[in-house]
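J.: Predicted model and sequence follow; I will ask about them next.
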Amino acid sequence: MELLGLYNYWVFAVLLMVGFYAVIAKPNMIKKLLGLSIFQAAVFLLYITMDKVEGGTAPIIQKGVVDAIYSNPLPQVLILTAIVVGISTTALGLALVVRIYEAYGTIEEDETQQLDIQRTDSQK
Amino acid sequence: MMTVVFGLFLLTLLVITAVAIVREENLFTSVMLTGIFSLLMASNFFILDAADVALTEAAIGAGISTVLLLGALALTPRDERKIKGGRWVALVVVTLTTLVVVYATFEKPRLGDPNAPVHQHVAPWYLEQTPALIDIPNVVTAVLGSYRAYDTLGEVIVVLTAGIGVLFLLGLPGAVGGRRRRDLAMGQTYLSHHLVPQVVGRLLIPFILLFALYVQFHGEYGPGGGFQAGAIFAAAIILYALIEGEREALTVIPPRMLMWMMSGGALLYGGVGIVTMLLGGNFLEYGVLADDPVTGQQVGIIIIELGVGITVAGVLLAIYHAFAARGR
């Protein structure tokens, strides 16, 4: 039972590495971006896990309730803004992928590298 | 106890979904699974007492993010090329790192431990002082809008910068000079010939807009605020665009107006800082905005939340339209 209190952190570790695997092992750029957002979501989960207080509730103070326990508001603020920044940066990445596809005709990383090598060879 | 079991169940589903997203070779399926992933994540945040974050994740992760990914998929191939051979090195690295991180967690305080270091630093001060200093119930909004206002201003600028970057890369016809808007979505019918989405959408859109305004202006009292409201507002307009077509949506909010929304919100936020300086306070010290410092704080937070909402809605809509306009 004591160990169950760590389950959130284990899921964080697994999600982090599942996302990281997609980033390093998959040549497809959209898959890389999806992996990056899983990686990002894992970090969000780590922060939000830390804010929980046993028996607590969301940090919205009610007048007249004296001995209420509230969860920590600070990690929530950090992650709330981070989610919005995350989608903006993902969109920027997607825009880059779209332009790469228009320029190379492929979004597989190894194929774009091959094309780059061919192009520099033909210039020599 | 019930919550614990439910939490374990949701977390396990989260891992399964994540593995499925990475393994799936059809990107369309992967993108749909990310929608489910975000919804599961939002439920988890809710169980962990983070109502504001859950609202944001549900609006952005499960809603707008999926639409943007589909917009990008419409412009790129849908299938991932099959990889020849296993990626053993990557697999070994990832497994080892997972084991190391799991080993490190044995030192972490257990979930919900009130004596964890994170609960000993500034957080108790925020919870104790907010009723006296700002007097709004939602401490998350108080920290976001007042105590850490510089931080939030920075985040708004980051969102604005990302929006500008996407527009530089993809362009938005009709936004700044150049191509006219006429060539956009001519003769496209979208979902308007499907009866069910059309009827349901028309019924829902006004209420989504109303909910966005509620979340915007009720953010001091309940879960909500500018970031969530901006995302929900953008989601309503995107739904309208999906049903009625780009052109109709761009008639409601023209590209030039989107430009003004993007920069105007951030300017409004920064403008509040300049005004507080002119009134003799520090940058973003809202106390000087009214005779009573507590009222001043509330006025300041409401105005900057409005600025945040306008910028977020503008940027998300501009990004969506940029992807959609590229498709023709």
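T.: Perfect, thanks for sending it. Numbers count the residues shown, from 1 in each chain, chains lettered A, B, ... in the order given.
J.: State the number of residues packed around residue 106.
T.: Since no chain was named, I'll use chain A. Using other CB atoms under 10 Å in any protein chain shown, residue A:106 is surrounded by 19 other residues. To be clear about C-beta, it is placed using only N, CA and C from the backbone, and glycine gets the same treatment.
J.: could you do chain B instead?
T.: So residue B:106, with other CB under 10 Å, has 9 neighbours.
J.: got the phi/psi numbers for it?
T.: phi -60, psi -20 (degrees, to the nearest 10).
J.: Now for the nearest residue to residue A:9 once chain neighbours are set aside: which residues touch it?
T.: Excluding the flanking residues, the one nearest residue A:9 by CB to CB, 6 or more residues apart in numbering or on different chains is residue B:105, at 3.8 Å. With contact taken as CB atoms under 8 Å, 6 or more residues apart in numbering or on different chains, residue B:105 is in contact with A:6, A:9, A:10, A:12, A:13.
J.: Repeat that for residue B:295.
T.: With contact taken as CB under 8 Å, 6+ apart, residue B:295 is in contact with residue B:289.
J.: So what touches stretch B:285-292?
T.: Stretch B:285-292 has contacts (CB under 8 Å, 6+ apart) with B:146, B:272, B:275-276, B:279-281, B:293, B:295-301.
J.: Next, the buried residues of it.
T.: Using 16 or more other CB atoms under 10 Å in any protein chain shown as the test for burial, stretch B:285-292 gives B:285, B:286, B:287, B:288, B:289.
J.: With secondary structure and pLDDT as added columns, please give those in CSV.
T.: Shown next, in CSV, are these (DSSP: H, G, I helix; E, B strand; the rest coil; pLDDT from 0 to 100):
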residue, secondary structure, pLDDT
B:285, coil, 88
B:286, helix, 90
B:287, helix, 88
B:288, helix, 88
B:289, helix, 88
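J.: which of those residues sit farthest apart?
T.: Within the buried residues of stretch B:285-292, B:285 and B:289 form the most distant pair, 8.9 Å apart (CB to CB).
J.: And the next helix or strand past the biggest helix by length in chain A?
T.: Criterion DSSP state H: the longest helix present in chain A is helix A:73-104. Using DSSP states H and E, the helix or strand that follows helix A:73-104 towards the C-terminus is helix A:109-123.
J.: measure residue A:122 to chain B for me?
T.: Using CB to the nearest CB, to the nearest Å, residue A:122 is found at 24 Å from chain B.
J.: Hmm, residue B:297 is touching residue B:131, no?
T.: No: if you go by CB atoms under 8 Å, residue B:297 and residue B:131 don't touch, sitting 11.8 Å apart.
J.: And those two? Which one has more around it.
T.: Comparing residue B:297 with residue B:131 by other CB under 10 Å, the one with more neighbours is residue B:297, at 23 against 15.
J.: Tell me, what's the model's pLDDT at the more buried one?
T.: What the model reports for residue B:297 is a pLDDT of 91.
J.: Wait, a helix at it?
T.: Yes: the assignment for residue B:297 is a helix, going by DSSP: H, G, I helix; E, B strand; the rest coil.
J.: OK, contacts around it?
T.: The contact partners of residue B:297, by CB under 8 Å, 6+ apart, come to B:133, B:134, B:135, B:146, B:286, B:287, B:289.
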